[in-house]
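Novice: show me how the following folds:
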Amino acid sequence: MTDMLDAPAPDLGAVKQRQQQAWASGDFAVVAARIVLVAEHLCDTADLHAGWRVLDVATGSGNAAIAAARHGCTAVGVDYVPSLLEVGRRRADAEGLAVELMEGDAEALPFPDDSFDAVTSVFGAMFAPDHGKAAGELVRVCRPGGTIALASWTPDGFIGELFRTVGAHVPPPAGVQSPMLWGTEAHLRRLLGDSIASLETEERTFTFRSESAQEFVDFFRTWYGPTLRAFAALEGDARDALEADLIALARRSDRLGSGTGAIAIPASYMEAVAVVR
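Specialist: The predicted structure is shown next:
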């Protein structure tokens, strides 16, 4: 009888590089424009104080950083996709808001310890391949008594189903934890551990709206990097099968039940606010 060997640990650096390429494809800023309300609501729930210095991690095109600036905060956003940061700068300039947007990695934030009064992330830090390292960075740069506020898709919600559907056709990297775990209180408590004094969570719903299930899939296929890359990895019948499964998912999830017309898809996410010890 031969000994069973442990599976090799995934190369998280390579995973991150592929993720960066995926998020740089399509144009996530187009998707982010539809979910602005999530960032606005999170910043209000976090009770950001005017005058606070706030960091938004994996800011994309700046939704939460801009929301923090509207609260009168000194807002900084970091992301590893330069083109998204440039969109965010244009948005902030158009609104007359002072927001600093810079390149940065959620797993190695370019700031000293205790640099911020609050740290936010909206569907961003959850996608870092090393969950523990990303969570540790959120805590490290936030001062004692400061606030960490996160919005993360839940594993049993629509986006969790979407990722599982895509993963059935294009499997995710082996050995890498699902980003949807960030949308569970138990996982978040394990990640933050004794570094926080309190954690409050609430499940909320964002509704995706489209003219049809086909339009919804076309939108994600065109603009949402991970979905775009999944389609690009397939050909012929395999690509058609992914499209069919996503259309079926959208129709099944539609709360309007129209069948062929406009759809409204409730997507659950967890809003979490922690106080650093």
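
Novice: looking at the longest helix seen in the chain now, give me its mean pLDDT.
Specialist: Counting by DSSP state H, the longest helix found in the chain is helix 236-253. The pLDDT scores in helix 236-253 average 98.

Novice: which strands or helices does it pack on?
Specialist: The contact analysis (3 or more Cβ pairs under 8 Å, 6 or more residues apart in numbering; DSSP states H and E) places helix 236-253 against helix 158-169, helix 213-223, helix 225-232, strand 263-276. Backbone N, C-alpha and C define where each C-beta goes, glycine included.

Novice: what does the second one contact?
Specialist: Yep, that's helix 213-223 we're talking about. Under the criterion Cβ atoms under 8 Å, 6 or more residues apart in numbering, residues 26-28, 30-31, 162, 208, 210, 227-228, 231, 243, 246-247, 250-251, 254, 263, 265 lie in contact with helix 213-223.

Novice: the strands in the stretch 1-150 of the chain, which residues?
Specialist: 53-57, 74-79, 99-103, 116-122, 142-153 (DSSP state E, counting those that start in this stretch).

Novice: dump those into JSON lines; add mean pLDDT, mean neighbour count and distance to residue 178 as well.
Specialist: Putting the strands of the stretch 1-150 of the chain into JSON lines (pLDDT from 0 to 100; neighbours: other Cβ atoms under 10 Å; distance: least, Cβ to Cβ, whole Å) gives the following:
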{"stretch": "strand 53-57", "mean pLDDT": "99", "mean neighbour count": "27", "distance to residue 178": "19"}
{"stretch": "strand 74-79", "mean pLDDT": "98", "mean neighbour count": "25", "distance to residue 178": "21"}
{"stretch": "strand 99-103", "mean pLDDT": "98", "mean neighbour count": "18", "distance to residue 178": "26"}
{"stretch": "strand 116-122", "mean pLDDT": "99", "mean neighbour count": "27", "distance to residue 178": "17"}
{"stretch": "strand 142-153", "mean pLDDT": "98", "mean neighbour count": "22", "distance to residue 178": "10"}
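
Novice: between the ones you listed, which one is nearest to residue 46?
Specialist: strand 142-153 (3.6 Å; Cβ to Cβ).

Novice: now that closest one and strand 116-122, what's the angle there?
Specialist: Put simply, strand 142-153 runs at 10 degrees to strand 116-122, going by axes from the mean of the first three to the mean of the last three Cα atoms, to 10 degrees.

Novice: can you give the strand pairings for strand 142-153, parallel or anti for each?
Specialist: Strand 142-153 sits in its sheet next to strand 116-122 (parallel), strand 263-276 (antiparallel), going by DSSP bridges.

Novice: now those strands as a markdown table including distance to residue 62?
Specialist: Shown next, in a markdown table, are the strands paired with strand 142-153 (distance: least, Cβ to Cβ, whole Å):
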| stretch | distance to residue 62 |
| --- | --- |
| strand 116-122 | 10 |
| strand 263-276 | 19 |
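
Novice: looking at these, which is closest to residue 99?
Specialist: The nearest among the strands paired with strand 142-153, by Cβ to Cβ, is strand 116-122 at 12.7 Å.

Novice: what residues does that closest one touch?
Specialist: 35, 38-39, 42-43, 46, 48-49, 52-58, 63-64, 68, 73, 76, 106, 138, 141-143, 146-151.

Novice: sorry, back to before: including mean pLDDT, distance to residue 199 and mean neighbour count, could the helices and strands packed on helix 236-253 go into TSV?
Specialist: Below are the helices and strands packed on helix 236-253 laid out as TSV (pLDDT from 0 to 100; distance: least, Cβ to Cβ, whole Å; neighbours: other Cβ atoms under 10 Å):
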stretch	mean pLDDT	distance to residue 199	mean neighbour count
helix 158-169	98	21	18
helix 213-223	97	31	19
helix 225-232	97	28	19
strand 263-276	98	5	21
